[in-house]
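K.L.:
Provided below for reference: sequence and predicted model.
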Amino acid sequence: MNMPYPVRDCVCRAAERRKTLLVLAVVFLAMAVLGICFYQTPAFYDYHLTLCERFVDRVCYSQQSVFLIFLERFAGNALFVLVILAGGVHPVALVLPPLTLCYRAYTFGGSLAVFFSVYRLSGALIVFVLYLPVHLLVDVVLLGGAALSFSRAPRFKFSKGDLRELLCDFLILLVLIAAICLLEMILLLVLFHPLGYLL
């Protein structure tokens, strides 16, 4: 598949960090499992329940237009991209990508458990046709962004070239996030929202 050079360069730099990607993926999976196992912990249960209720009320069955939902979801995920790429500006800041991924993984696992235990059949439907695929696609993009940050941090010097590369990576990841949010919007429109809520 022929990709524009900036996209190919971004993908190749992320793919070069295979060990980093593997470690981050394992940590993500472990945190997701912990989220499932400990979702009933008093300190986290209400938080996970609130996240699920918000997703059901404000995304799945909202009377708001799917376009506005798209913009809100894109903005939220763009913030995650920004935080993860910010980790690449200095070695000390490399704590940001793992922390961000751990937060997403733990809340992801806890939310899955709540969807199945509280919402039952309707929760399973939401998980398999919307929540799970969209969340995982975004997580793949964020894992790639984290790999880019680990690659960039040791050599980043706020030079014109480094800043240009950082901005280019940010824009490429935003385009990928926008594509995922567009997919989510289409799924919402087809499965959950009547056509009248398109605009």
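P.N.:
Arrived safely, thanks for sending.

K.L.:
give me the phi and psi for Glu16.
P.N.:
Dihedral pair for Glu16: phi -60, psi -30, per degrees, to the nearest 10.

K.L.:
can you pull the contacts of it?
P.N.:
Contacts for Glu16 were tallied using Cβ atoms under 8 Å, 6 or more residues apart in numbering; they are Ser151. For every residue, glycine as well, the C-beta is placed using N, CA and C.

K.L.:
distance of it from Phe44?
P.N.:
36 Å (Cβ to Cβ, to the nearest Å).

K.L.:
ok, now Val127?
P.N.:
18 Å.

K.L.:
Leu136 too?
P.N.:
Leu136 sits 21 Å away from Phe44, going by Cβ to Cβ.

K.L.:
also Gly35?
P.N.:
8 Å.

K.L.:
okay, those two: which has more neighbours?
P.N.:
Gly35 (25 against 15; other Cβ atoms under 10 Å).

K.L.:
quick one: which helix or strand includes the more buried one?
P.N.:
In this structure, Gly35 sits in helix 18-37 according to DSSP states H and E.

K.L.:
straight-line length of stretch 152-167, end to end?
P.N.:
12 Å (Cα to Cα, to the nearest Å).

K.L.:
mind listing what's buried in the helix holding Gly35?
P.N.:
Within helix 18-37, the residues scored as buried using 16 or more other Cβ atoms under 10 Å are Thr20, Leu21, Leu24, Ala25, Phe28, Met31, Ala32, Gly35, Ile36.

K.L.:
for the residue nearest the centre of the chain, what are its contacts?
P.N.:
Per Cα atoms, centre = their mean, the C-alpha nearest to the average position across the chain is that of Val138, at 3.5 Å. For Val138, the contact set (Cβ under 8 Å, 6+ apart) comprises Asn77, Phe80, Ile177, Ile180.

K.L.:
any chance of those in JSON lines, plus neighbour count?
P.N.:
Formatted as JSON lines, those follow (neighbours: other Cβ atoms under 10 Å):
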{"residue": "Asn77", "neighbour count": "23"}
{"residue": "Phe80", "neighbour count": "21"}
{"residue": "Ile177", "neighbour count": "23"}
{"residue": "Ile180", "neighbour count": "21"}
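
K.L.:
in strands, which of those residues fall?
P.N.:
Here DSSP state E is the test, and the contacts of Val138 give no hits in strands at all.

K.L.:
pull the most distant pair out of those.
P.N.:
Phe80 and Ile180 (11.9 Å; Cβ to Cβ).

K.L.:
any idea which helix is longest in the protein?
P.N.:
The residue-count maximum for a helix in the chain (DSSP state H) belongs to helix 160-191.
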